[in-house]
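**Student:** sequence first, then the predicted structure, then my questions.
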Amino acid sequence: MCERLKFENEAYQHGKKIIVGLDEAGRGPMAGPLVVGAVIFDKNFYHEEINDSKKLSEKKREMLYELIIQNALAYQIEIIDVHEVDQLNVYQASKQGMIRAIEHISLKPDYALTDAVPLGDVIEHQAIVKGDALSMSIAAASILAKVTRDRIMKEYDELYPEYGFAKHKGYPTLQHKEALKKYGVTPIHRHTFQPVIEVLNQQLSFDL
């Protein structure tokens, strides 16, 4: 069996029945929400193309998104808006999003695999470093999260076309930083991220 089912199979061997993979998209951007995906597959399901979303083209992610939601026993997508990300910080927002996904998913899991995010005593779980490249369940969750977030950022691009959100998805690229300085802070920018703080401070100094 494929190496990317190693952690799932170990859990099954220890008596676990329903395993959920969890991952997020959007910890690094300075604009837009953070999105968490959760996926539960049948024990016997495997698809070799399901891999870390960062290793896939946009076209491949879109194709696999449809395949995942068609083949999953259950899936859940949680969107943590920019204000909550600012309140919690990106790490805690990721954790809270995963906990909510476990609470809201239609099939109750008895074990979770996460991409390096410990969940405390919420559920028995394993936090795996680079889990999206090592576990198919986590990889599938990463694809759902990434595709969902990219679609949201494309919608924001229509609202704020000057910023190039459809291209950089809110990450702190040179283009994004220059647009931020030129056009200012939008309602979807994270106020706790340094480039945004700098522009806000400049605006404040002009207002004084």
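**Tutor:** In hand now; what should we look at? Residues are numbered from 1 along each chain as shown.

**Student:** if I pick residue 139, what's in contact with it?
**Tutor:** Contact partners of residue 139, counting by CB atoms under 8 Å, 6 or more residues apart in numbering, are 4, 21, 23, 50, 51, 52, 53, 132, 133. For the C-beta atoms, the positions are set from N, CA and C on the backbone; glycine is no exception.

**Student:** helix, strand or coil for the fourth one?
**Tutor:** Put simply, residue 50 is coil when judged by DSSP: H, G, I helix; E, B strand; the rest coil.

**Student:** how close does it get to residue 107?
**Tutor:** Counting by CB to CB, to the nearest Å, the separation of residue 50 from residue 107 is 19 Å.

**Student:** closest to residue 164 out of the contacts of residue 139?
**Tutor:** residue 53 (20.8 Å; CB to CB).

**Student:** so which of residue 50 and residue 107 has more stuff around it?
**Tutor:** For the pair residue 50 and residue 107, the greater number of neighbours falls to residue 50 (26 against 12), based on other CB atoms under 10 Å.

**Student:** residue boundaries of the helices in this structure?
**Tutor:** Assigned by DSSP state H, the helices in the chain fall at 6-13, 58-71, 82-88, 90-104, 131-134, 136-159, 165-168, 174-183, 194-207.

**Student:** of all those helices, which lies closest to residue 116?
**Tutor:** If you check each of the helices of the chain against residue 116 by CB to CB, helix 131-134 wins as the nearest, at 6.1 Å.

**Student:** sorry, back to before: out of the helices of the chain, which is closest to residue 36?
**Tutor:** helix 90-104 (3.4 Å).

**Student:** for the chain, give me the ranges with low pLDDT.
**Tutor:** The chain contains residues with pLDDT under 70 at 1, 203-208.

**Student:** kindly recompute the last result at 50.
**Tutor:** 208 (pLDDT under 50).

**Student:** one step back: got TSV for the helices of the chain, with distance to residue 116 too?
**Tutor:** TSV is the format used below for the helices of the chain (distance: least, CB to CB, whole Å):
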stretch	distance to residue 116
helix 6-13	13
helix 58-71	21
helix 82-88	17
helix 90-104	9
helix 131-134	6
helix 136-159	9
helix 165-168	24
helix 174-183	26
helix 194-207	23
